[in-house]
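In: Sequence and predicted structure are below.
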Amino acid sequence: MTRSREAWILFLATRVVGLAVDAAVIGFAYLCAFALRFDFQEPTSLGGWGTVARLYVTVCAVHLASLLFFGCYRLAWRRIRGSELPQYIGAMMFACGVLTLMRYFLPNVSLSHIRPPYSVTVISFFLGTIGIIGVRVLWRVYWTSRVKEDELLERNVQHFGGVAARKFLADKVVMVTGAGGSIGSEIVRQVAAAGAKKILMVERGENALYEIDRRMHDSRCVPLMYDINDCGKMESLFAAEKPEVVLHAAAYKHVPMVEMNPEEGWRNNTEATKLLAELSAAHGVKRFVLISTDKAVNPVSVMGKTKLAAEQAIMALNSPTSFCAVRFGNVFGSSGSVVPLFKELIAKRLPITVTHPDMKRYFMTIEEAVSLVLQAASRDERAIYTLDMGEPVKILDLAEGMIEQAGYRPYVDIPIVFTGIRPGEKLFEELDVSERSCYKTDMAKIYITKGV
């Protein structure tokens, strides 16, 4: 059975449950209305509780049909919004009107089992409307409280103490390139929290630099609108500021985009890294850390090849500067990743595009990845580190999970379309931390890659 068919079967099942819940809510409101109307006494003038029970069938049928007619059962409970309330209120008013007309046009007392009293109909309208909307709001509150984005990683998100990183970075001048990006901005935040003396935030994008500077609002953070490819300006910066640690996060990371612009990818990812590494060696930088990628492992894409070449360039330098690179996979929610793309498509109720139903990727939260990068930076080895990212996540499962978290139903409310693997993409990334490929360090989740 396909996932689409399973989704529709589940949808129909939930609608049946929804009808049952609404029937119970309407029944309770109807019973309360009778109790209030007849002072909690048996309505003998209408034929007693037997007539009340038979009349409930008519009342319930009218209300459920009205909710169905007004499209209320096409709406997901867990994402009920204020703009949808008029649909529910309108449906309940329509049902109230129908029952009122039935009372008016069926005056025969013998038909009392299908003609509720006016007062009961009005009271039921108010109580039923509150109940119908209330159960949906409560369900949304419950759903929102239990759902977290981290759960989509299908593992426990880990938090690291970072004592070694704080000790290493305290009172140092630290340069962070790509400081306005998703990873770079988190590096800036954690480096500041570690007690760095000065943070040189190098970023060529004006808006990105403005945002990180505004968020930090810290006199230790110096916003520098520099292009890392500008040899003269970077030389002057190193000479003037004398950074002790360089955390190099600036790079082009979008595989298809770099595939279409290979020369620019090589210039920005490889040549610029080599330039920064040489300047670091010339100006006495103690530790240089390259933020690398799992795509540098047996690369098939231009982006992966540029990052592998960058790794090789810094490791080939003979200098007192301690060079290292840190490889990890996708960062959950970073700019250019599938997560913000999926969020945008879901918000617009557009089909989610997935390249292949079996495609998998490694994911970490930004906080996890940066914390481990800084711990690796505190070490002494000239090495290429690989982070243990747990089991890879199926992109299709991620898409379905994000749709569900937004309160929609995959394949029912939002379709999922398979577009095919793009140039430069692998079906599975090769981030191996087994003994065959890596040496284990004394720091959790941090491994030293063999054979480089």
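Out: Noted; the coordinates are in hand.
In: pLDDT score for G97?
Out: In the predicted model, G97 carries a pLDDT score of 93.
In: And the helices in the stretch 1-150 of the chain, which stretches?
Out: In the stretch 1-150 of the chain, the helices defined using DSSP state H, counting those that start in this stretch lie at 3-37, 49-69, 85-105, 118-146.
In: in the third one, what's buried?
Out: In terms of neighbour count (16 or more other C-beta atoms under 10 Å), helix 85-105 has its buried residues at 87-88, 90-92, 94-96, 98-100, 102-103. C-beta coordinates here come from the backbone N, C-alpha and C atoms, glycine included.
In: The first one too?
Out: By neighbour count, and taking 16+ other C-beta under 10 Å as the criterion, the buried residues in helix 3-37 are 7, 11, 18, 21-22, 25-27, 29-34, 37.
In: What helix or strand is Y210 located in?
Out: Taking DSSP states H and E as the criterion, Y210 maps to helix 206-216.
In: And that helix, what does it pack against?
Out: helix 182-193, strand 198-202, strand 221-224 (3 or more C-beta pairs under 8 Å, 6 or more residues apart in numbering; DSSP states H and E).
In: and of those, who's closest to T293?
Out: Using C-beta to C-beta as the measure, helix 182-193 is the one of the helices and strands packed on helix 206-216 that comes nearest T293, at 10.7 Å.
In: So in that sheet, which strands flank the helix-or-strand element of the chain with minimal mean pLDDT, and in what orientation?
Out: Averaged element by element with mean pLDDT, DSSP states H and E, the chain has its least confident helix or strand at strand 330-332 (a mean of 82). For strand 330-332, the paired strands and their directions (DSSP bridges) are strand 363-365 (parallel).
In: what about F125, distance to G131?
Out: F125 is 11 Å from G131, where distance means C-beta to C-beta, to the nearest Å.
In: picking up where we left off before, mind listing what's buried along the helix holding Y210?
Out: Buried residues in helix 206-216, counting neighbours by 16+ other C-beta under 10 Å, are found at 208-209, 212-213, 216.
In: for stretch 259-268, same thing?
Out: Residues of stretch 259-268 classed as buried under the neighbour-count rule (16+ other C-beta under 10 Å) are 259, 265-266, 268.
In: For the closest residue to A95 other than its chain neighbours, which residues are in contact?
Out: Using C-beta to C-beta, 6 or more residues apart in numbering and skipping residues adjacent in sequence, the residue nearest A95 is S66, 4.0 Å away. Shown in contact with S66 (C-beta atoms under 8 Å, 6 or more residues apart in numbering): 91-92, 94-95, 98.
In: L345 reaches T353, doesn't it?
Out: Yes. Taking C-beta atoms under 8 Å as the definition, L345 is a contact partner of T353 at 7.4 Å.
In: Show the backbone phi and psi for the residue lying closest to C231 once chain neighbours are set aside.
Out: What sits nearest to C231 in space, not counting adjacent residues and going by C-beta to C-beta, 6+ apart, is L275, at 6.0 Å. Torsion angles at L275 (phi, psi; degrees, to the nearest 10) stand at phi -60, psi -50.
In: L275 and A313, how far apart?
Out: When C-beta to C-beta is applied, the distance between L275 and A313 equals 10 Å.
In: Report how many residues lie close to E430.
Out: Close neighbours of E430, defined as other C-beta atoms under 10 Å, add up to 13.
In: outside of stretch 188-197, which residues touch it?
Out: Residues external to stretch 188-197 that are found in contact with it (C-beta under 8 Å, 6+ apart): 162, 165-166, 168-174, 176, 179, 199, 201, 212, 215-216, 218, 220-221, 247, 367, 370-371, 374.
In: are any of these buried, and which?
Out: Buried by 16+ other C-beta under 10 Å: 162, 165-166, 168-169, 172-174, 176, 179, 199, 201, 212, 216, 221, 247, 367, 370-371, 374, out of the contacts of stretch 188-197.
In: Can you tell me which of those end up in strands?
Out: For the buried ones among the contacts of stretch 188-197, the ones inside strands are 173-174, 176, 199, 201, 221, 247, with DSSP state E as the criterion.
In: Which member of these is positioned nearest K305?
Out: Looking across these and measuring by C-beta to C-beta, the closest to K305 is L247, at 22.8 Å.
In: Show me what that closest one is bridged to.
Out: L247 forms beta bridges with V176, V289, as assigned by DSSP bridges.
In: Surely it and A377 touch.
Out: Yes. With contacts counted by C-beta under 8 Å, L247 reaches A377, the gap being 6.7 Å.
In: Quickly list what's touching both of those two.
Out: Common neighbours of L247 and A377, counting by C-beta under 8 Å, 6+ apart, are V289.
In: in the stretch 201-350 of the chain, which spans are helices?
Out: With helices called from DSSP H, counting those that start in this stretch, the stretch 201-350 of the chain shows them at 206-216, 231-241, 255-260, 262-265, 272-282, 302-315, 338-347.
In: right, so the ones you listed: which one is the most enclosed?
Out: Ranked by average neighbour count under the criterion mean count of other C-beta atoms under 10 Å, those are headed by helix 302-315 at a mean of 23.
In: Give the other helices and strands that it contacts.
Out: Other elements packing on helix 302-315 under the criterion 3+ C-beta pairs under 8 Å, 6+ apart are helix 255-260, helix 262-265, helix 272-282, strand 287-291, strand 322-327.
In: With only the CA atoms kept, save it in CSV.
Out: This file holds the C-alpha atoms of helix 302-315, laid out as CSV (Å, rounded to 0.1, in the frame of the first residue of the first chain):
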residue,chain,number,x,y,z
VAL,A,302,31.5,20.4,-7.5
MET,A,303,30.7,21.7,-4.0
GLY,A,304,32.1,18.5,-2.4
LYS,A,305,35.2,18.6,-4.5
THR,A,306,35.9,22.3,-3.7
LYS,A,307,35.6,21.5,0.1
LEU,A,308,37.8,18.5,-0.2
ALA,A,309,40.4,20.6,-2.1
ALA,A,310,40.1,23.2,0.7
GLU,A,311,40.8,20.5,3.3
GLN,A,312,43.8,19.3,1.4
ALA,A,313,45.2,22.8,0.9
ILE,A,314,45.2,23.7,4.6
MET,A,315,46.6,20.3,5.7
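In: That helix vs strand 322-327, what angle?
Out: Orientation check (axes from the mean of the first three to the mean of the last three C-alpha atoms, to 10 degrees): helix 302-315 against strand 322-327 gives 160 degrees.
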